[in-house]
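Enquirer: the sequence and its predicted three-dimensional model are supplied below.
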Amino acid sequence: MADDLDELLDEVESKFCRTDVLRGEASGGGAGTGSYGTAAAERNRSSNSVMRRSKEDDDIEGLIEDIFHNVRFDEEMVKPRSHTSDEPTIRSSIQMSGKKCCPVYVGGSKAPYGIGTNLSQRTCDHLRCTACDFNVVIYDDYQWDTSCDYLFFRNHMPEFSRLQEKMIRKKGTRAYACQCSWRSIKELTDLASDQHLHWVCGKHAE
């Protein structure tokens, strides 16, 4: 890019300087013979000089425009791309998918939360129901009143202020519920043992 700019500048300089030299020589030559010229000849020379100057100015302006065009083009070529909000963020498959409990455990309030495995029997706190497509709410040290029914949860999930109407304090117990199912659990339990529940682990973030 620098070589191209130097060549264009040299061309402008040589053309501009050569024009001034030629114009000076023409002016000097005319001084010796001016007394012999007619008024018509003077007008012709003046007109030709104006036309030459106009053409030379146009040529110089064109060269200057070419220089600035090349500079702008090269700047665009090396300009770094900025990241926009529309561009997708690349993540690893582990971060996108997260980890799931296997098997999935539920339990009382004394059982720790975490990712359940055969070696680490932790209770899942990211449960989701595949039947009603609701997240399962969990309340430590509570159990559900025996009068709870499907319509109660259908109309009140997931507002705690409305659900607590049928919640009873019970130390060591956890109250679980989605929109279609509910359980009061005290002991560690593998969800696979309860065929009526459609709760699954909704994946844990890394």
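Expert: Cool, got the structure.

Enquirer: now G202: how far from V104?
Expert: 10 Å (CB to CB, to the nearest Å). Using the backbone N, CA and C atoms, a C-beta is placed for each residue, glycine as well.

Enquirer: shared neighbours, those two?
Expert: Counting by CB atoms under 8 Å, 6 or more residues apart in numbering, the common neighbours of G202 and V104 are L127.

Enquirer: who's more crowded, those two?
Expert: Legend: neighbour count by other CB atoms under 10 Å for G202 and V104, higher for V104 (20 against 16).

Enquirer: distance of V106 from N155?
Expert: On the measure of CB to CB, V106 and N155 end up 24 Å apart.

Enquirer: what about Y139, distance to M167?
Expert: Applying CB to CB to Y139 and M167 gives a distance of 7 Å.

Enquirer: just checking, R128 touches H198?
Expert: No - using CB atoms under 8 Å, R128 is not in contact with H198; the gap is 9.3 Å.

Enquirer: ok, back up a step: what do Y139 and M167 both touch?
Expert: A175.

Enquirer: longest strand anywhere in this structure?
Expert: strand 167-177 (DSSP state E).

Enquirer: list the helices and strands the next helix-or-strand element following that strand packs on?
Expert: Next in sequence after strand 167-177, counting helices and strands by DSSP states H and E, comes strand 182-185. When contacts are defined as 3 or more CB pairs under 8 Å, 6 or more residues apart in numbering; DSSP states H and E, strand 182-185 sits against strand 137-144, strand 167-177.
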